[in-house]
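[1] Pasting the sequence and the predicted model now:
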Amino acid sequence: MFGNILRFRKIILTFARFGLLVYLQRIPSFRRFIPRRLEQEAQLPEGLRKALETLGPTFIKIGQLLSTRVDILPPEIIRELSKLQDRVEPVPFEEIENELKKEMGEKYSHIETIHREPVASASLAQVHRGRIDGKDVVFKVKRPGVEKIIHQDLNILFYIARILSRFSETSWVRPLEIYREFREFILREMNFLNEGKTMKVIGRIIGEEGRIIIPELLEEYTTENLIVMEYIEGKKISELENPEEIIEPVVECWMKQIFDIGVFHADPHPGNFLIKDGKIVLLDFGLTGRLDTVTRQVLSSIVSAVIDMDTFHIYRVFYELGIIKSTFPVVEFELEAREVIDTYLNTPLEEIRILPIYQRISSTFRRMEIKLPANLLLLGKTLVQIEGICRELKPDFVLGVHLKPYLEKMYLSAFLSFRGAKDISVITRDTKEIIHSFPRIVYFSRALLERGRIPVEIESLKEAIDALEYAANTLAIGLIVAAVIIGSTFIMRPSPKLAPLGLIGYSIAGVFGVWFLYRIIRYKRF
């Protein structure tokens, strides 16, 4: 308990010294830990980054997570947090050796050699080269005592989040919700088995394909606190004679992960990948993003709505996701969205940069209190990082050109996937079920009313049911014809080669339409 108080005091003092003094003094629970005279060493936003680096592993990870939260933090803070350095002084080799013995048990004898000097030393783990079972490997070992520090910090952060939730000026930024998100994030990253699983998933799908290399994971030695993987010799981008040549492989590597696999490395800074024979060697899978089926459908819907300039549909997607408030300014959002779409949709792809779009959209979301799902935030951050890396190598690089085929694919999938047909089928089935169940509902309701001694008389029930049944069938046929017409249109739009398929669809829709019109005229039901 006393240790928690001392650590809490250190946290408050550190943030006060590095630019947050004015904000902390507003809260009584924090004010009592701050001396009356305190010299500030830096101002925001640089001070926030320095404070997080000073406070160690938990707070460095907080900074990494907050660097994705463009929905609640302004661009200048996001930019500064993206500079966070996760490099610390290495612990003595003897302590690392003790951890290896504890994790590997009898298997420790399989180690043939291990380098005393670390390859890398970060807040959470330390990496050493070595050799085991005749293979060149690297050992990523969790730093001794780091779990105890992180759990202590999590308890203190929970207390701080509870205090901040009482003083938060808006219900939109919820400190306790951010705390829970961070807790889940750091506990998942502390378990190295999760990183191993991600390596296996990506490695199984693309490890042997194209220009991407995933180091082999030695599962028999990997635990919650230790990863043993293949050592691959490679060069950093800064060591290449002609770094421009690597732009295409880098972009292809991440586009495949994001759009083809749905699991992607979400921290693509130059220290997390190497170049070997023109191929990308991916390292450190601690921070990853996922695009599950639902998220992909959301992206497809947004992309198709943007291309069709259907701003209300974008609002509807956000509403169904539950990420906007009941008092959301729909008209203002539609005007803003249309202005953004008009600006960029009519601009050649060669002139469109991701960062300005990302910043403008983020500013709009922050102003209107739209909270995007974490995976979409990670996706945006990753695309911005990729563009930033490539623009350092080639100043006129534009990521939009490389995104085009994937966005076109998403646009088509919004209309031509099996799910579209399934949705029509579900609507038709549900509508018919409602109609067919109508008599039971009426009779059941009548029985209840009679028991309550309320006289009810229902006349011409059969005619009403027939009319409703006809309406349901008409609606179902109309939906099918409309779906065929829309599908045929979007088949023909992207490529003239698909025109014959579209014409076949139009023909089928025409036959159904004529038959439908004939039935209406013959039976005089308008």
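    Received the coordinates, thanks.

[2] any chance you could map the strands in the stretch 51-200 of the chain?
    Along the stretch 51-200 of the chain, counting by DSSP state E, counting those that start in this stretch, strands occupy 111-114, 120-121, 125-132, 135-142.

[3] no no, the chain
    Residue ranges of the strands in the chain, as given by DSSP state E, are 111-114, 120-121, 125-132, 135-142, 212-213, 226-230, 263-265, 273-276, 279-282, 288-290.

[4] Can you check which of those gets nearest to residue 391?
    Closest approach to residue 391 among the strands of the chain is made by strand 273-276 (16.8 Å; C-beta to C-beta). To be clear about C-beta, it is placed using only N, CA and C from the backbone, and glycine gets the same treatment.

[5] which parts of the closest one are buried?
    Judged by neighbour count using 16 or more other C-beta atoms under 10 Å, the buried positions of strand 273-276 are 273, 274, 275.

[6] what's the answer for stretch 377-392, then?
    So for stretch 377-392, counting by 16+ other C-beta under 10 Å, buried means 377-391.

[7] Give me the residues contacting it.
    67-71, 82, 237, 247, 250-251, 254, 258, 264-270, 287, 289, 291, 353-355, 358, 362, 397-399, 403 (C-beta atoms under 8 Å, 6 or more residues apart in numbering).

[8] and it, how far from the chain's centre?
    Stretch 377-392 sits 13 Å away from the centroid of its parent chain (C-alpha atoms, centre = their mean, to the nearest Å).

[9] quick one, what contacts residue 225?
    Residue 225 touches 99, 103, 141, 142, 192, counting by C-beta under 8 Å, 6+ apart.

[10] returning to what we had before: winner for burial among the strands of the stretch 51-200 of the chain?
    Among the strands of the stretch 51-200 of the chain, ranked by average contacts under mean count of other C-beta atoms under 10 Å, first place goes to strand 135-142 (a mean of 21).

[11] quick revisit: show me the one of the strands of the chain that comes nearest residue 199.
    Nearest to residue 199, of the strands of the chain and by C-beta to C-beta, is strand 226-230 at 7.3 Å.

[12] Run the chain-centre distance for the closest one.
    With C-alpha atoms, centre = their mean, you get 27 Å for strand 226-230.

[13] Rebuild the strands of the chain as a markdown table, extending it with mean pLDDT and distance to residue 175.
    Output for the strands of the chain, formatted as a markdown table (pLDDT from 0 to 100; distance: least, C-beta to C-beta, whole Å):
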| stretch | mean pLDDT | distance to residue 175 |
| --- | --- | --- |
| strand 111-114 | 96 | 43 |
| strand 120-121 | 90 | 32 |
| strand 125-132 | 95 | 28 |
| strand 135-142 | 96 | 28 |
| strand 212-213 | 86 | 39 |
| strand 226-230 | 96 | 33 |
| strand 263-265 | 87 | 29 |
| strand 273-276 | 90 | 34 |
| strand 279-282 | 89 | 34 |
| strand 288-290 | 86 | 24 |
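
[14] In a markdown table: these, plus distance to residue 187.
    Converted to a markdown table, the strands of the chain look like this (distance: least, C-beta to C-beta, whole Å):
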| stretch | distance to residue 187 |
| --- | --- |
| strand 111-114 | 28 |
| strand 120-121 | 22 |
| strand 125-132 | 15 |
| strand 135-142 | 13 |
| strand 212-213 | 29 |
| strand 226-230 | 17 |
| strand 263-265 | 19 |
| strand 273-276 | 26 |
| strand 279-282 | 23 |
| strand 288-290 | 15 |
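
[15] which one of those lies closest to residue 17?
    Closest among these, once you apply C-beta to C-beta, is strand 120-121, at 25.2 Å.

[16] Each with direction, which strands does that closest one pair with?
    strand 125-132 (antiparallel) (DSSP bridges).

[17] Produce a ChimeraX select command limited to the buried residues of the contacts of stretch 377-392.
    Selecting only the buried entries of those in ChimeraX, with 16+ other C-beta under 10 Å as the criterion:
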select :67,68,69,70,71,82,237,247,250,251,254,258,264,265,266,267,268,270,287,289,291,353,354,358,362,397,398,399,403
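
[18] The contacts of stretch 377-392 in helices, which ones?
    247, 250, 251, 254, 354, 355, 358, 362, 403 (DSSP state H).

[19] Could you point out which of the residues you listed is nearest to residue 301?
    residue 403 (17.0 Å).

[20] Contacts only, for that closest one.
    Residue 403 touches 255, 383, counting by C-beta under 8 Å, 6+ apart.

[21] Apply 10 Å and report the result again.
    By C-beta atoms under 10 Å, 6 or more residues apart in numbering, residue 403 lies in contact with 251, 255, 258, 259, 349, 352, 354, 383, 387, 410.

[22] Adding distance to residue 27, write those residues out as a markdown table.
    Shown next, in a markdown table, are those (distance: C-beta to C-beta, whole Å):
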| residue | distance to residue 27 |
| --- | --- |
| 251 | 46 |
| 255 | 45 |
| 258 | 41 |
| 259 | 45 |
| 349 | 48 |
| 352 | 43 |
| 354 | 38 |
| 383 | 37 |
| 387 | 39 |
| 410 | 45 |
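
[23] Looking at the residues you listed, which is nearest residue 12?
    Looking across these and measuring by C-beta to C-beta, the closest to residue 12 is residue 383, at 36.3 Å.

[24] mind listing which of the buried residues of stretch 377-392 are in helices?
    Using DSSP H, the buried residues of stretch 377-392 in helices are 377-391.

[25] Give the burial count for residue 90, as a bare number.
    18 (other C-beta atoms under 10 Å).

[26] distance between stretch 73-84 and the chain's centre?
    Distance, centroid of stretch 73-84 to centroid of chain: 18 Å (C-alpha atoms, centre = their mean).

[27] just stretch 315-329 next, same as before
    18 Å.

[28] pLDDT-wise, which helix or strand of the chain ranks last?
    None of the helices or strands of the chain scores lower by mean pLDDT, DSSP states H and E than helix 418-451, at a mean of 57.

[29] can you pull the pLDDT of residue 168?
    pLDDT, residue 168: 62.

[30] Kindly report the same for residue 382.
    For residue 382, pLDDT reads 91.

[31] quick one: which of the buried residues of strand 273-276 is nearest to residue 318?
    Nearest to residue 318 among the buried residues of strand 273-276, with distances taken as C-beta to C-beta, is residue 273, at 33.9 Å.

[32] ok, back up a step: looking at the buried residues of strand 273-276, spot the one nearest residue 134.
    Distances from residue 134 to those, taken by C-beta to C-beta, are shortest for residue 274, at 22.6 Å.

[33] ok now do that closest one, which residues does it touch?
    Going by C-beta under 10 Å, 6+ apart, the list of residues near residue 274 reads 213, 215, 232-237, 239, 280-283.

[34] So what's the residue count around residue 217?
    Using other C-beta under 10 Å: residue 217 sits among 20 other residues.

[35] Distance of the closest residue to residue 261 other than its chain neighbours relative to residue 246?
    Nearest-residue entry for residue 261: residue 205, 5.3 Å, with adjacent residues in sequence omitted and distances by C-beta to C-beta, 6 or more residues apart in numbering. Using C-beta to C-beta, to the nearest Å, one gets 22 Å for the distance from residue 205 to residue 246.
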